[in-house]
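A.B. asks: Pasting the sequence and the predicted model now:
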Amino acid sequence: MNDTYIIIGKLGRTRGLNGELYITPVSDDVERFLALDEIFVKSKSKWKKFEIISATLIGNRPVVKLKGVNNPENAAVFTNREIALLKEDLEDLPEESFYVFDLVGCQVQCVDSSETIGEIIDVEQYPANDVYLIETDKKEQIRFPAVKHFVKLIDIDNKLVVIDKAGIIE
């Protein structure tokens, strides 16, 4: 994945006779899908733009109708494909807020010693809390819980995260 697209979910199973598709979102903001005019669908290694004809929520799951996808057979081809937005089209966030992907590339330092622990290479999302995957300069990987008790500072502008590693990282 390059920096142009941001994955927002996956297309799920088909719904109905008109080619609608359920979406499995990567965030808990399911209502964002109701305001979208278009999405990009991954096909092999390329992204293809699709206009969204309609979007609704069934229970708490978004369902979309894509232009040119008019029956369950056409829609089934898209099942399990990643969907994305252009990074430039993401909505502006309030002050002091950031997107999870903004953490990737941040240097991680220890709060008491300013020792650099490594760089965040991924953020794993779990129901209880996110986990930062940190790569050290020795190419070792450390998983660190992204909870307020341990994460003392996030400075996206300077690509810096300061943590209290006591009891977690030796």
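C.D. replies: Right, received. Where do you want to start? Numbering: from 1, shown residues only.
A.B. asks: quick one: average pLDDT of the longest strand anywhere in the chain?
C.D. replies: The single longest strand within the chain, with elements called by DSSP state E, is strand 46-58. Averaged across strand 46-58, pLDDT comes to 96.
A.B. asks: Check what contacts it and list those residues.
C.D. replies: By CB atoms under 8 Å, 6 or more residues apart in numbering, the residues outside strand 46-58 that reach it are 5, 15, 20, 22, 30-31, 33-34, 36-41, 62-69, 84. Heads up, the C-betas are built off the backbone N, CA and C, glycines and all.
A.B. asks: From what I see, residue 150 and residue 163 are in contact.
C.D. replies: Yes. Using CB atoms under 8 Å, residue 150 is in contact with residue 163, at 5.5 Å.
A.B. asks: Please identify which of the two sits among more neighbours.
C.D. replies: Remark: of residue 150 and residue 163, residue 163 carries more neighbours, 22 against 18, as counted by other CB atoms under 10 Å.
A.B. asks: give me phi/psi at the more buried one?
C.D. replies: For residue 163, the backbone dihedrals are phi -130, psi 160 (criterion: degrees, to the nearest 10).
A.B. asks: Return the distance of the helix or strand hosting residue 161 from the chain's centre.
C.D. replies: Assigned by DSSP states H and E, residue 161 belongs to strand 160-163. Here the centre of strand 160-163 is set off from its chain's centre by 20 Å, with CA atoms, centre = their mean, to the nearest Å.
A.B. asks: taking the mean pLDDT, what do you get for that strand?
C.D. replies: Per-residue scores along strand 160-163 average to 96.
A.B. asks: And the helices in the chain?
C.D. replies: 72-76 (DSSP state H).
A.B. asks: so where's it shaky on pLDDT?
C.D. replies: In the predicted model, the chain carries pLDDT under 70 at residues 1-3, 167, 169-170.
A.B. asks: Just the strands from it, written as ranges.
C.D. replies: Under DSSP E, the chain gives strands at 5-15, 20-25, 38-43, 46-58, 61-66, 82-86, 107-110, 116-124, 131-135, 141-145, 151-155, 160-163.
A.B. asks: Please convert the buried members of the contacts of strand 46-58 into PyMOL selection syntax.
C.D. replies: Buried members of these can be picked out in PyMOL with the line below, counting by 16 or more other CB atoms under 10 Å:
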select buried, resi 5+15+20+22+33+36+39+40+41+62+63+64+65+66+69+84
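A.B. asks: How about the contacts made by the residue lying farthest from the centre of the chain?
C.D. replies: Outermost residue of the chain with respect to the C-alpha centroid, by CA atoms, centre = their mean, is residue 113; its distance is 31.6 Å. With contact set as CB under 8 Å, 6+ apart, residue 113 has no partners.
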